[in-house]
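J.: Mind looking at a prediction? Sequence and model below.
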Amino acid sequence: MIDTQYSALMNSKAIEFEIIQLKEWQQQRFPGWYSGQDLFHILVPFDAIEICLEHNSFSIEGNTLIFIGPAKDFTVRQSATTDGYLIRFTSRFYERSAPDRTLINSGLFFDSERFIRVVKNRIKQEEMRMQILENIGGYPSGNAAVASLLVHHFIESLLLQGIWDIDFDQELTSGKDSTFQGMANHFSILVHKHCKKNCNVKFYADKLNITPRKLTMLCTEVWNKTAKNAIIDIVVKESLRYIEHTDLSISQISYEMGFSEESNFRHFIKKHSGSNPIQYREKMRRTIQ
């Protein structure tokens with residue numbers, strides 16, 4: 001079974017990644033699963049399937065890639081007979097660089113005009129099955145760092161295939177999703193793109209053509225946090241990613257994240273992570289050894 005092959009990886013990364021057969025995923029749950037709302041899903045069905053999402057039903061042919069963004073509750077009808085796989089992961093697991101952030105915040109997962117994104121799988125069924133078994137289950141036993149990289153690169157290959165024919169920069173700014181969830185997603189994308197230069201709530205409210213008060217209201221409704229705290233959370237996440245996944249000095253990371261003084265950056269990280277930047281880097285690198 002695939003789930004036993006990558007159990008070491010899940011344990012080492014606090015279970016922020018999972019792959020499971022479509023016919024089993026609704027019956028099988030791992031108790032340590034991340035409880036936040038930033039789960040990204042990629043379905044790889046080999047047969048035609050029907051997806052139910054937000055009171056909508058989608059009939060989708062086989063040998064496709066289906067991308068479903070965060071905070072979307074969906075089910076697969078007749079999954080007991082469906083051949084294929086479901087891949088899900090957190091933003092923390094995947095985002096390790098600026099290009100990663102661009103891919104994961106693209107129109108594949110955040111599209112104001114579509115609930116889901118479906119593209120034709122350019123890889124033949126048996127080759128895709130082999131890639132899943134080799135890239136996900138074939139990593140060196142006991143080497144969590146290598147396993148994590150292999151999984152990351154495999155997910156990246158699916159994302160790149162998905163955006164092959166998509167102008168996602170245009171899609172991110174086209175269309176209007178007036179629901180709280182849609183506006184919150186757009187807000188999140190804008191913060192990821194501009195947080196290194198601007199952390200002012202009014203800046204983002206103006207871009208969304210709403211008042212700062214309404215932006216805070218919708219953030220509280222969707223995420224149970226204010227707009228300001230949502231911005232802070234993203235800055236913290238971006239900063240910790242630089243600390244964990246790069247060899248840049250703390251001073252360089254401080255400058256990259258838009259802090260005028262390194263001491264302010266160190267205090268910011270200590271306040272929001274419980275560790276100073278050096279301690280956090282050492283702790284995370286011990287974890288994956």
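T.: Received it, and whenever you're ready, just let me know what you need.
J.: Tell me, how many residues neighbour residue 82?
T.: The number of residues packed near residue 82 is 23, by other C-beta atoms under 10 Å. From N, CA and C alone the C-beta is placed, and that goes for glycine too.
J.: Next up, the contacts around it.
T.: By C-beta atoms under 8 Å, 6 or more residues apart in numbering, the contact list for residue 82 reads 22-23, 45, 47, 49, 76.
J.: Those residues in strands, which ones?
T.: Counting by DSSP state E, the part of those found in strands is 45, 49, 76.
J.: one step back: confidence-wise, which of the contacts of residue 82 comes last?
T.: Of all the contacts of residue 82, residue 23 has the smallest pLDDT value, namely 78.
J.: That one touches residue 83, doesn't it?
T.: Yes: Residue 23 lies in contact with residue 83 (C-beta atoms under 8 Å); the separation is 7.2 Å.
J.: Is the residue lying closest to residue 122 once chain neighbours are set aside part of a helix or strand, or is it coil?
T.: What sits nearest to residue 122 in space, not counting adjacent residues and going by C-beta to C-beta, 6 or more residues apart in numbering, is residue 161, at 5.8 Å. What DSSP: H, G, I helix; E, B strand; the rest coil gives for residue 161 is helix.
J.: what's the burial count for residue 161?
T.: Applying other C-beta under 10 Å, we find 15 residues neighbouring residue 161.
J.: any idea how far residue 105 is from it?
T.: 17 Å (C-beta to C-beta, to the nearest Å).
J.: so where's the stretch 151-289 of the chain shaky on pLDDT?
T.: 165-178, 287-289 (pLDDT under 70).
J.: for it, what spans make up the strands?
T.: Using DSSP state E, counting those that start in this stretch, no strands are found in the stretch 151-289 of the chain.
J.: residue ranges of the helices in it, please?
T.: 168-173, 180-194, 201-207, 212-223, 227-245, 250-256, 262-273, 277-287 (DSSP state H, counting those that start in this stretch).
J.: I'd like to know which of those helices is closest to residue 150.
T.: The closest of those to residue 150 is helix 227-245. By C-beta to C-beta, the value is 15.4 Å.
J.: Distance to residue 154 and mean neighbour count for the helices of the stretch 151-289 of the chain - can I get that in a markdown table?
T.: Formatted as a markdown table, the helices of the stretch 151-289 of the chain follow (distance: least, C-beta to C-beta, whole Å; neighbours: other C-beta atoms under 10 Å):
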| stretch | distance to residue 154 | mean neighbour count |
| --- | --- | --- |
| helix 168-173 | 20 | 15 |
| helix 180-194 | 23 | 20 |
| helix 201-207 | 33 | 17 |
| helix 212-223 | 29 | 17 |
| helix 227-245 | 17 | 19 |
| helix 250-256 | 28 | 17 |
| helix 262-273 | 29 | 16 |
| helix 277-287 | 21 | 14 |
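J.: Ok, which of these comes nearest residue 70?
T.: Residue 70 sits nearest to helix 180-194 of all the helices of the stretch 151-289 of the chain, at 7.7 Å, using C-beta to C-beta.
J.: and the angle from the closest one to helix 212-223?
T.: Orientation check (axes from the mean of the first three to the mean of the last three C-alpha atoms, to 10 degrees): helix 180-194 against helix 212-223 gives 110 degrees.
J.: Quick one: residues in contact with helix 180-194.
T.: 69-71, 101, 105, 110, 112, 172, 177, 203-204, 207-208, 210, 215, 218-219, 221-223, 227, 230-231, 234, 238.
J.: ok, the helix or strand containing residue 65: who's next to it in the sheet?
T.: Using DSSP states H and E, residue 65 falls within strand 64-68. Next to strand 64-68 in the sheet, as set by DSSP bridges, lie strand 39-45 (antiparallel), strand 117-120 (antiparallel).
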